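Visitor: Fold the following for me, if possible:
(chains A and B)
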Amino acid sequence: MAERYSSFNSGGRMWLLQRVTAAFLLVVLAFHFFLLHFVHHADEVTLAASSARMEQLSYYSLMVLFLVTATFHGVNGVYNALVNQGLTGTKRTVVKWSLVAASVVLLFQGIRTANAWAGGFPLL
Amino acid sequence: MSQSYNRGLIEDFSRWREFQAGMWAWIFHKFTGWVLIGYLFTHIAVLSTAIPAADGATMMFQGSQTDVFTGTIVSLEGLLLVRILEVGLLAVAVFHMLNGTRLLLVDLGVGLEAQDKSFYASLILTGAITVASVPTFIAGAF
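Guide: As a prediction, this is how the structure comes out:
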């Protein structure tokens, strides 16, 4: 059998999380594209329509979970790609924490935006 | 007994003429992944116009005051370049999803023997879905 070559520590927690988020994103990204390009059209976007969707707890929760999983999957994918290209030592540590910081900023801004649409955390 | 093969350096892209289906799938998956994470940051930045809009910020749009979120999105959607880039984004996302499904299945032990065929199927299906979506994505841009 050929030698295994992968940036992932097969069987590790991050390896599993990358695949679990992939399976979730397959479904939710398809739903997102379908709803916002085929059911509604992007050029018909209004603040009121976006707010009406985001005021529903089910939609708000799904979109926040979508943001969290997409951020993890994307940023972890970038980290793995860089490690695969030979990133090691101090550079690896600096890149890792920079990516964590970028993720925190993205999540913070994304949730602020969702709350702006919903007029705060939707309770119903 | 396990056996090692001397593959040479996998990151040596100057060897691209020697690449087979699996290597192209790997390259396309990385490329589309980079595009998608780049887009996610851009997407949230543009959607953030909802924050001032919810506080009542407006802009002049098509001769009247409109909230800055609606005005920004509809202005961007009015640009043909943005519509074309959206079709590109769809192609990138669909390939990443289909090839990602292929990778998940291989991880589960399904289809390793046909991994080259499933890569070609991902490419063809991406092309078909993208072409079929063009009318929806371009509608109203002219």
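
Visitor: After whichever strand or helix holds residue B:28, which helix or strand is next? Please name it.
Guide: According to DSSP states H and E, residue B:28 maps onto helix B:21-47. Next helix or strand after helix B:21-47 toward the C-terminus (DSSP H and E): helix B:50-54.

Visitor: so what secondary structure elements neighbour that next one?
Guide: Using 3 or more CB pairs under 8 Å, 6 or more residues apart in numbering or on different chains; DSSP states H and E, the elements in contact with helix B:50-54 are helix A:47-54, helix A:89-118, helix B:68-77. Yep, even glycine has a C-beta here, placed from its N, CA and C like the rest.

Visitor: Next, count neighbours for residue A:19.
Guide: Residue A:19: 17 surrounding residues under other CB atoms under 10 Å in any protein chain shown.

Visitor: Would stretch B:115-130 count as contacting chain A?
Guide: No: Stretch B:115-130 is not in contact with chain A by CB under 8 Å from any CB of the partner chain; minimum separation 10.1 Å.

Visitor: where are the low-confidence patches of chain B?
Guide: Residues of chain B meeting the criterion pLDDT under 70: B:1-12.

Visitor: tell me the contacts of the spatially most central residue of chain B?
Guide: For chain B, residue B:92 is the residue whose C-alpha lies nearest the centre (CA atoms, centre = their mean; 2.6 Å). Neighbouring residues of residue B:92 by CB atoms under 8 Å, 6 or more residues apart in numbering or on different chains: B:32, B:35, B:36.

Visitor: That one and residue B:38: what is the separation?
Guide: Distance from residue B:92 to residue B:38, counting by CB to CB, to the nearest Å: 10 Å.

Visitor: Residue A:73 now?
Guide: 14 Å.

Visitor: who has more neighbours, those two?
Guide: The neighbour comparison of residue A:73 against residue B:38 (other CB under 10 Å) goes to residue A:73, with 23 against 12.
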